[in-house]
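Q: whatever this is, show me its structure:
(one chain, ligands or ions: 3)
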Amino acid sequence: MTTTRGLREGDEPITMLTAYDAPTAAVVDEAGIDVVLVGDSMGNAVLGYDSTLPVTFEEVASRTAAVARATEDALVVADMPFLSFGVDEAESVRNAGRLLKEADADAVKIESGPHTVETTRRMTDIGIPVMAHLGLTPQHVNRLGGYTRQGTDQDAAEEIVDLAGEHVEAGAFALVLEHVPANLAGAVTEALEIPTIGIGAGPDCDGQVLVINDAVGLGEWSPPFSRQFGDVRGEMLDAVEAYEEAVMSGEFPAEEHSHVEEELEDLY
Ligand SMILES: Nc1nc(=O)c2c([nH]1)NC[C@@H]1CN(c3ccc(C(=O)N[C@@H](CCC(=O)O)C(=O)O)cc3)CN21
Ligand SMILES: CC(C)C(=O)C(=O)O
Ligand SMILES: [Mg+2]
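A: Residues are numbered from 1 along each chain as shown. Ligands and ions are numbered 1, 2, ... in the order given. The predicted structure follows:
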């Protein structure tokens, strides 16, 4: 089993993918992925919203429980959704704890900022492992004005380096770096004793993460930094069209899918 302590044991890169349901988590786990993230990207990826902001605590908890039931080896990380942390310290810690206690997560992830240092410390202190997240933090889209690359000037880059250090000091066990220059991600990775996991952050992080829909080619859109390693949408469309044609032609269900009960011969 992957543990938060053992995450940076070897020289091999850490692999992380999102999953939002049991069958997908089972595939991700079987493939040997180290960390399965129940991302608030479920807002876009499976719930049909155009941002992550509407995603609720209950949605993340329910999906995390489903993923945890289907995962044997990977570390299960629940992504704390907008307003489930950051409003009130005690509520934040309680919500994080509930994701471990009721949804069987192994750790939580929080979109980080100056306001999450103490929250990270409180959670870590009572035994909730925290994965920090810096760079592009999609819950801040209204403040940032879009899903743009972050840390692109000297001041912004230094702010990310400083915040990364503060979150390590507060006890974070890993750090996601999203949509930042590769050289900044490399420098942060070099400076920290905890693993960095990049998305749109170049090759010099300790690991990589993608949204499962983007990685397998399930969505109609994916961000510029992702790659489609398959065409699941195409496969699914082929299967659904084949089913539709088989029903329309009367070819399905066939004899082997049906049962005639001899006892019922006098039905009418
Ligand atoms: N399917 C999916 N994959 C993701 O990686 C993802 C989500 N959903 N939802 C939450 C966030 C949103 N993310 C995004 C969304 C858009 C861009 C993007 O298109 N960036 C462009 C244009 C930015 C702009 O001008 O607004 C870029 O060139 O940076 C990047 C990351 C990453 N996350
Ligand atoms: C892309 C990852 C890091 C994430 O936060 C999510 O999937 O919600
Ligand atoms: Mg997220």
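Q: for the stretch 151-268 of the chain, which residues are neighbours of ligand 2?
A: For the stretch 151-268 of the chain, the residues in contact with ligand 2 (Cβ under 6 Å from any ligand atom) are 176, 178, 199, 209, 211. (Glycine included, C-beta is placed from N, CA and C.)
Q: for ligand 2, what's the nearest residue on this protein?
A: Of all residues in the chain, the one sitting closest to ligand 2 is residue 39 (2.3 Å; Cβ to the nearest ligand atom).
Q: I figured that residue hits residue 80, correct?
A: No - taking contacts as Cβ atoms under 8 Å, residue 39 lies outside contact range of residue 80: 10.6 Å.
Q: okay, the two: which has more neighbours?
A: Applying other Cβ atoms under 10 Å to residue 39 and residue 80 shows that residue 39 carries more neighbours, namely 29 against 26.
Q: before we move on, back to that, residue 108: which of the residues of the stretch 151-268 of the chain next to ligand 2 is nearest?
A: residue 176 (12.1 Å; Cβ to Cβ).
Q: check the burial of that closest one by counting its neighbours.
A: By other Cβ under 10 Å, the residues close to residue 176 number 28.
Q: ok, now residue 27?
A: Neighbours of residue 27 under the rule other Cβ under 10 Å: 15.
Q: which residues touch it?
A: Each residue near residue 27 by Cβ atoms under 8 Å, 6 or more residues apart in numbering is listed here: residue 19.
Q: name the nearest residue to the residue of the chain closest to ligand 2, sequence neighbours excluded.
A: residue 18 (4.2 Å; Cβ to Cβ, 6 or more residues apart in numbering).
Q: out of the residues of the stretch 151-268 of the chain next to ligand 2, who's the most crowded?
A: residue 176 leads those on contacts (other Cβ under 10 Å) with 28 neighbours.
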